[in-house]
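Q: The sequence and its predicted three-dimensional model are supplied below.
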Amino acid sequence: MGESPILNFTLTSYISPMLRIGLTGGIGSGKTTVARIFEVLGVPVYFADDAAKKLMNEAGELKNKIIQHFGAESYADNKLNRIYLAEVVFSDPEKTKLINSIIHPATINDATLWFGKQASPYAIKEAALIFEAGAEKMLDLVIGVSAPAELRMQRAMQRDNISEAGVLARMEKQMNEEEKMNRCDIIIYNDEKELLIPQVIEVHERLLQNIERVHN
Ligand code: ATP
């Protein structure tokens, strides 16, 4: 038998009627893959990256702020000009900070509204940047997906067809893996040694047991 996911949490009580869980991990760790397994188990999942893209394309306060700070060129044909915006912010840490300070609160707010609409024992928000954005404050528990750096590098290079330097540049913008995993309450290992599905099922069952205990 392989190693079980580390379940380093005690669930005593939580404020909202439904448990709100974060799911995070470094680039290429397999967060999305793990999130899809939870979905198969019937757990609602909020994909923060997709939600942020949708929010940025909608007319509203977020779009106005982006135009105000980064210019009208940020949109072309009413759609976010991702290539332009990426070029503007990627190599400038101050501009990265600024765009994050605009996008993160909007996504956190949107996720909070989404959680409020779910009717299941628990729901998950999948996001690369949870601790970096301070989003853990609106979550009851955070699950981390852990994978060795070499594997994460290989997966990201293959999936996105980019160079090692390209992946490294993205990795540098994230909190380091060890620190991130230390801050998580539950860790799922996606190291291609431990089977993924049994770990997700174990976490799911333990969560349901804990939720039932809190409610009884
Ligand atoms: P990112 O933050 O970069 O979006 P992620 O953490 O969401 O990444 P995934 O998209 O789930 O990671 O996985 C990255 C790539 O690695 C995908 O192409 C996925 O199919 C592949 N992958 C993930 N886990 C495994 C695994 N256990 N075995 C084989 N391939 C895997």
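A: Right, received. Where do you want to start? Numbering: from 1, shown residues only.
Q: residues touching residue 121, list them.
A: By CB atoms under 8 Å, 6 or more residues apart in numbering, the contact set of residue 121 is 18-19, 207-208, 211. Yep, even glycine has a C-beta here, placed from its N, CA and C like the rest.
Q: if you set the cut-off to 10 Å instead, what comes out?
A: 17-19, 42-43, 204, 207-208, 210-212, 215 (CB atoms under 10 Å, 6 or more residues apart in numbering).
Q: which residue packs closest to the residue nearest the centre of the chain, ignoring adjacent ones?
A: When CA atoms, centre = their mean is applied to the chain, the residue found nearest the centroid is residue 127 (0.9 Å). Excluding the flanking residues, the one nearest residue 127 by CB to CB, 6 or more residues apart in numbering is residue 48, at 3.6 Å.
Q: for the chain, what helix or strand is lowest in average pLDDT?
A: strand 6-7 (a mean of 68; mean pLDDT, DSSP states H and E).
Q: The ligand contacts on the chain?
A: 25, 27-33, 128, 155-156, 159, 190, 192, 196 (CB under 6 Å from any ligand atom).
Q: so of those, which ones are in helices?
A: 31-33, 155-156, 159, 196 (DSSP state H).
Q: in the protein, which ranges drop under the pLDDT threshold?
A: Confidence mapping of the chain against pLDDT under 70 gives the ranges 1-9, 12-13, 15-16.
Q: ok, longest helix in it?
A: helix 93-117.
Q: Given the next helix or strand after that helix, what are its sheet partners and their directions?
A: Using DSSP states H and E, the helix or strand that follows helix 93-117 towards the C-terminus is strand 122-126. Its sheet considered, strand 122-126 pairs with strand 19-25 (parallel), strand 45-47 (parallel) by DSSP bridges.
Q: Tell me who's in contact with the closest residue in space to residue 120 that isn't next to it in sequence.
A: Spatial nearest neighbour of residue 120, chain neighbours left out: residue 44 (5.7 Å); criterion: CB to CB, 6+ apart. Residues in contact with residue 44 (CB under 10 Å, 6+ apart) are 18, 38, 114-115, 117-120, 122-125.
Q: Give me the ChimeraX select line for those, limited to the buried ones.
A: Applying 16 or more other CB atoms under 10 Å to those leaves a buried subset, and the ChimeraX line that selects it is:
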select :18,38,115,118,122,123,124,125
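Q: Need the max-distance pair from the contacts of residue 44.
A: Using CB to CB, the two most remote members of the contacts of residue 44 are 38 and 117, lying 17.5 Å apart.
Q: Okay, the most far-flung residue of the chain relative to its centre and the ligand: tell me how far apart.
A: Computed with CA atoms, centre = their mean, the maximum C-alpha offset from the centroid of the chain is found at residue 216, amounting to 30.8 Å. Per CB to the nearest ligand atom, to the nearest Å, residue 216 is found 35 Å from the ligand.
Q: And that residue, how far from residue 207?
A: Residue 216 sits 15 Å away from residue 207, going by CB to CB, to the nearest Å.
Q: cool, and residue 50?
A: Residue 50 is 23 Å from residue 207, by CB to CB.
Q: More neighbours: these two, which one.
A: The neighbour comparison of residue 50 against residue 207 (other CB atoms under 10 Å) goes to residue 207, with 23 against 11.
Q: Test my guess that the more buried one contacts residue 20.
A: No. Counting by CB atoms under 10 Å, residue 207 stays clear of residue 20, with 11.7 Å between them.
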